[in-house]
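Starting from these lines, generate the structure:
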Amino acid sequence: RLRRAALLHDIGKLGVTNAVLDKPGALTAGEWAEMRAHTRYSFEILVTVPVFAELAEDAAAHHERLDGRGYHRGLGGSRLTPSARLLAVADVADALRSDRPYRAGLPVERVTTMLQADAAAGTLCARSVEAVCAVLTG
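Modelled structure (predicted):
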């Protein structure tokens, strides 16, 4: 279930224009709104497919944060399942490690430091950060 949610979490990006997805510079406020909508689109797509409906909530929560300042629903820690928490951390780690049009992927050491700082600040789940850092550092 978690593996499927991880594979499908960004399916909502199909509803975001390539001009936004591939933009080499900073996004405008409108472009950020379009980008943030991808989590809602992921939920809307997955919930309509019976075999994926059970994982739609977790997959769509990959940009939610423990402090409630994530998106698209602004869910806080007690409303995020362990799977959603782990997906959020894995998504951040993947985004930081990956090359983007505007920057090269970051080294593992920098990514683990950034994830640990987010866990210490109460933004990301510390247990999930520990697990993802263990995988990253082998």
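
in this protein, what residue sits furthest out from the centroid?
Ranked by distance from the centre of the chain (Cα atoms, centre = their mean), the top residue is residue 50, with 22.9 Å.

just to confirm, which helix or strand has it in it?
Using DSSP states H and E, residue 50 is not contained in any helix or strand.

Contacts for stretch 11-19 next, please.
Residues outside stretch 11-19 that contact it (Cβ atoms under 8 Å, 6 or more residues apart in numbering) are 21, 34-35, 37-46, 59-60. C-beta here means a position set from N, CA and C on the backbone, and glycine is covered the same way.

what pLDDT, on average, does that stretch get?
The average pLDDT within stretch 11-19 is 97.

And the helices in the chain?
2-8, 18-21, 29-47, 56-60, 82-97, 108-120, 126-137 (DSSP state H).

Figure out which of those helices is closest to residue 74.
Across the helices of the chain, residue 74 has its closest neighbour in helix 29-47 (10.9 Å, Cβ to Cβ).

Which strands or helices does that closest one pack on?
For helix 29-47, the packing partners by 3 or more Cβ pairs under 8 Å, 6 or more residues apart in numbering; DSSP states H and E come out as helix 18-21, helix 56-60.
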